[in-house]
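Build me a structure from this.
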Amino acid sequence: MKKSKSAHIKQKATGNNIMNSNASSMPDSVEPVDQTPEQIISELHLRQIDLEVRQIELEIQNEHLRNMQIKYEESSNHYNDLFDNAPVGYLTLNDKGLITEINLTAAEMFGLARQDLLSRHFTTLLTAKDSDRWYLFYCKKLDNIQREKIILSLKDCNNVDFLVQLDCLYVNSMLRITLTEISTPRRLEPASTDDLLLAELDQMEIAQHAAQTRLHNIARSLPEVVFQYCLRPDGNACFPYISDAAYNILRLSPDELRDNADRLFYLVHPTDHAGYCKSLEQSAQNLTPWDHEYRVKFDDGTTHWLLANALPQREEDGSTLWHGFFTDITPHKQLKDRLRCDNLALNVISQGVLITDADHNIIWANNAFELITGYNKTEILGQNCRFLQGPFTDQQTLNQIRLALANLTPFSGELINLRKDTTTFWNELTITPLFDEQGQITNFISTLRDITGRKQLEKQLKVSHTFTLDIIKSLNSSLL
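Model prediction:
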């Protein structure tokens, strides 16, 4: 059975660990007096192996990062579906009364596409008899951050009236509105508002119960902890709702947190207590989103990173209620830290490193590349590497490079390149293609090493060797 590409990469990296430890202890400079050409070549070979291992590790890390990105995109799609397909309508108005956000449910109420409602003035959706009531309510709401409700008669794209309850909250110069239709789906004929309210109260309760059931089922299917967190005026806190994912992420049951949230607070890492409390306090005071990363420490000593993301609202009793979710971002944090360390390592090594896309356009270069070639990173991003070629570059070597790139095979060789100041240098070049999980080419990684000194040394040694042979021949001739 064939091994997966990831397993092959890990095996190759493990097999070269012994060579890595030897290569890391080698000196950076070549001393022509103390080392033979064979020793120099051996050292250079070991260093090349070390860099190849680092390249393999980066491939593994990129694979993990892509998997993490896919998971985050799936989670984001879950929440977008939850917003768009909610059983009630949601829309947001700016300080000019224009619609800046609206879900699909609200758009369906009006019988219009979402894009036709965005940037539209909300008053155009009101019936004439309720325009003045809305104007007075809206002006009053701008000076009041408390949640308030109003029942209005709106009209759809066919100018058919329907009755809606608006639950409004003013936050950061934006009015967030929840729309609940309280007329029958077929739209009622003109009737008094009181009669409609009495007839539809039971239907509203049934619909709300069904909506809560659907939302609960959706929350149970999500990997994140979906919650409602309530902070009372007396400082006590609880979770009116928290999903079953709390078992996996917080290692606590919903029942343990429902009436008293202290259990979660005690999990917060001591170093992160102050930041956790400050972020929550600011969100409560300003009714701004709670978006905070922090650590939790479990009884077994393990530490995990969590992301809290929630929207607050003020309740009538002065409590603050957040709707949001907790996400375990520990793998993301670990991978980010490792990539940061690898990036630092690539920037301190003496070899130049280039990363190009599949079309050979440069997307990244390390500091050593700038030192070797004299080109700044901003000058070369998006460029092809051909700017390093000059009149002394061997055409046969260039043909070998083109053939390797076309066949998506590695290349290793030596050639003369040009610096930015037009001086030449000998370049020991390697090019390695990178593939995704489907086997499609994604990038090329190139390493550059200035071996001009080594070439000069080899030339000197060759001249010295020739001179020595000539002396020996002369001595032999004189002896004869």
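
in the chain, which helix or strand is least confident?
None of the helices or strands of the chain scores lower by mean pLDDT, DSSP states H and E than helix 17-24, at a mean of 41.

Packing partners of the helix or strand following that one?
Per DSSP states H and E, the first helix or strand lying C-terminal to helix 17-24 is helix 37-84. Counting by 3 or more Cβ pairs under 8 Å, 6 or more residues apart in numbering; DSSP states H and E, the packing neighbours recorded for helix 37-84 are helix 5-15, helix 17-24, helix 193-221, helix 330-348, strand 424-435, strand 441-450, helix 452-479. C-betas here are computed from N, CA, C, even on glycine.

Excluding sequence neighbours, find me the nearest residue to residue 178.
residue 167 (4.1 Å; Cβ to Cβ, 6 or more residues apart in numbering).

Quick check: the one you found touching residue 175?
No: applying Cβ atoms under 8 Å, one finds residue 167 not in contact with residue 175, separated by 11.0 Å.

Name the residue in the two with the higher neighbour count.
residue 175 (20 against 16; other Cβ atoms under 10 Å).

residues in contact with the helix or strand harbouring that one?
Residue 175 is located in strand 174-181, with elements delineated by DSSP H and E. Strand 174-181 has contacts (Cβ atoms under 8 Å, 6 or more residues apart in numbering) with 88-95, 100, 105-106, 109, 138, 141, 162-170, 204, 207-208.

Stretch 312-322 now?
With Cβ under 8 Å, 6+ apart as the test, stretch 312-322 has contacts from 145-147, 169, 171, 227-233, 240, 283-284, 287-290, 310-311, 323.

same deal with stretch 370-387?
Taking Cβ under 8 Å, 6+ apart as the rule, stretch 370-387 contacts 352, 354, 356, 360-363, 365, 369, 388, 417-421, 425, 446, 448, 450.

so what's residue 461 closest to, chain neighbours aside?
Per Cβ to Cβ, 6+ apart, closest to residue 461 is residue 37, 6.0 Å.

So what's the residue count around residue 38?
Other residues close to residue 38 by other Cβ under 10 Å number 8.

swap in residue 164?
When counting by other Cβ under 10 Å, one arrives at 21 neighbours for residue 164.

surely it meets residue 155?
No: in this structure residue 164 lies outside contact range of residue 155 using Cβ under 8 Å: 10.5 Å.

So which bits of stretch 415-430 are buried?
415-418, 425-430 (16 or more other Cβ atoms under 10 Å).

now, the most widely separated pair of these?
Greatest spatial distance among these (Cβ to Cβ): 418 and 430, at 19.0 Å.

where in the chain is pLDDT low?
For the chain, applying pLDDT under 70 flags the ranges 1-34, 183-221, 341-348, 465, 467, 470-471, 473-480.

again, 80 this time
1-35, 37-39, 42-43, 45, 71-83, 140-145, 183-223, 336-350, 458-480 (pLDDT under 80).

tell me the domain boundaries of it?
1-20+33-84, 85-219, 222-334, 349-475 (automatic domain parsing).

could you dump these to CSV with distance to residue 340?
What follows is those, written out as CSV (distance: least, Cβ to Cβ, whole Å):
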stretch, distance to residue 340
domain 1-20+33-84, 11
domain 85-219, 33
domain 222-334, 11
domain 349-475, 14
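
ok, residue 306 - contacts?
For residue 306, the contacting residues are 249, 293-296, 326-329, by Cβ under 8 Å, 6+ apart.

Would you list the phi and psi of it?
Residue 306 adopts backbone torsions of phi -120, psi 150, taken as degrees, to the nearest 10.

before we move on, the earlier item: among the contacts of strand 174-181, which ones are buried?
Using 16+ other Cβ under 10 Å, the buried members of the contacts of strand 174-181 are 88-91, 93, 105-106, 109, 138, 141, 162-170, 207.

Restricted to strands, list those residues.
Assigned to strands by DSSP state E, the following of the buried ones among the contacts of strand 174-181 qualify: 89-91, 93, 162-170.

In those residues, find the pair that's most separated.
162 and 170 (24.6 Å).

Residue 292 versus the nearest residue to residue 83 once chain neighbours are set aside, what's the distance?
Excluding its sequence neighbours, the residue lying closest to residue 83 (Cβ to Cβ, 6+ apart) is residue 103, at 5.4 Å. Separation of residue 103 from residue 292 (Cβ to Cβ, to the nearest Å): 26 Å.

Residue 401 now?
For residue 401 relative to residue 292 (Cβ to Cβ), the value is 50 Å.
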